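J.: quick one, structure for this:
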Amino acid sequence: MKRLRTKRWIFFALMSASAVALVWFFRIPESFETGATLPQATSPASTPVGAAITRPRWPWQKPQPPPKTVNLVEVVQQESQAMGRTDANPQGTLERLIQVAAQLQPHDFETLMAMALNASLAGDQRFLAAYLMSLSRQDWAAPLLKVLALTPLPDQKLDARLYDQEVMIRAQALEGLSHSTQGRDHLTDFLRNQDNVSLAQHAQRLLRAPAAD
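T.: Coordinates of the predicted model:
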């Protein structure tokens, strides 16, 4: 009888030790395995307001790579160099540019708009900067595209080819406006504030076109 009781106690002791070991394993962050000191608990008073909370990474979790940053100046320079050559994969190029446009933030638009309006840059670079802006589908992009479209044109005494570039850049901004959630309202407002015949006709064509998805 005593042996039976002893065996039961040994069984329960082993089960309890196993349960504690499992709980301890799943609570140990990965930093413990590398020899780092475990973070000490802090009271609410000792934690600065707004401070980021660092969560432990568990052994089965893989570290996430940092988000990729895009150098817009380099992208525009590289892609514009290929514009004058035959593109063996135009669909791939479009998808690549769409991916870049999807990552754009308002401060990126400022960079691209400055490039689009910089008369000292090559025409392909200026147009590509406007094209990237027009590919963005963010709600905040429409007002900035309207600013580009309504930027006054230079004196018509400018060389005809250069003047046409200025018109094309603003026309591309209108293309982007036409795809915005309030595209018709933006284009209608543009027509009220624009007296250039070519741009006005382009805006009217976009208004008559079927609504974009």
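
J.: where does this structure have low pLDDT?
T.: Along the chain, segments meeting pLDDT under 70 span 1-70, 156-157, 211-213.

J.: where do the helices of it begin and end?
T.: Assigned helices in the chain, in chain order: 2-27, 30-33, 72-81, 90-102, 106-116, 123-135, 141-150, 160-178, 183-192, 197-208 (criterion: DSSP state H).

J.: from G176, how far off is M133?
T.: 6 Å (CB to CB, to the nearest Å). Any C-beta I mention is one placed from the backbone N, CA and C, and that applies to glycine too.

J.: okay, the helices of the chain in CSV with mean neighbour count next?
T.: As requested, those are arranged in CSV below (neighbours: other CB atoms under 10 Å):
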stretch, mean neighbour count
helix 2-27, 10
helix 30-33, 12
helix 72-81, 16
helix 90-102, 13
helix 106-116, 17
helix 123-135, 22
helix 141-150, 20
helix 160-178, 19
helix 183-192, 16
helix 197-208, 15
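
J.: common neighbours of M133 and G176, please.
T.: Residues touching both M133 and G176 (CB atoms under 8 Å, 6 or more residues apart in numbering) are A141, L145.

J.: quick one, phi/psi of S120?
T.: The phi and psi values for S120, taken as degrees, to the nearest 10, are phi -80, psi -10.

J.: show me what contacts it?
T.: Contact analysis of S120 by CB under 8 Å, 6+ apart lists nothing.

J.: could you do L112 as well?
T.: L112 sits next to L72, V76, L104, A129, A130, L132, M133 when contact means CB under 8 Å, 6+ apart.

J.: any idea how far the nearest residue to the last one once chain neighbours are set aside lies from D185?
T.: What sits nearest to M133 in space, not counting adjacent residues and going by CB to CB, 6 or more residues apart in numbering, is L112, at 5.1 Å. Plainly put, L112 is 23 Å away from D185 if you go by CB to CB.
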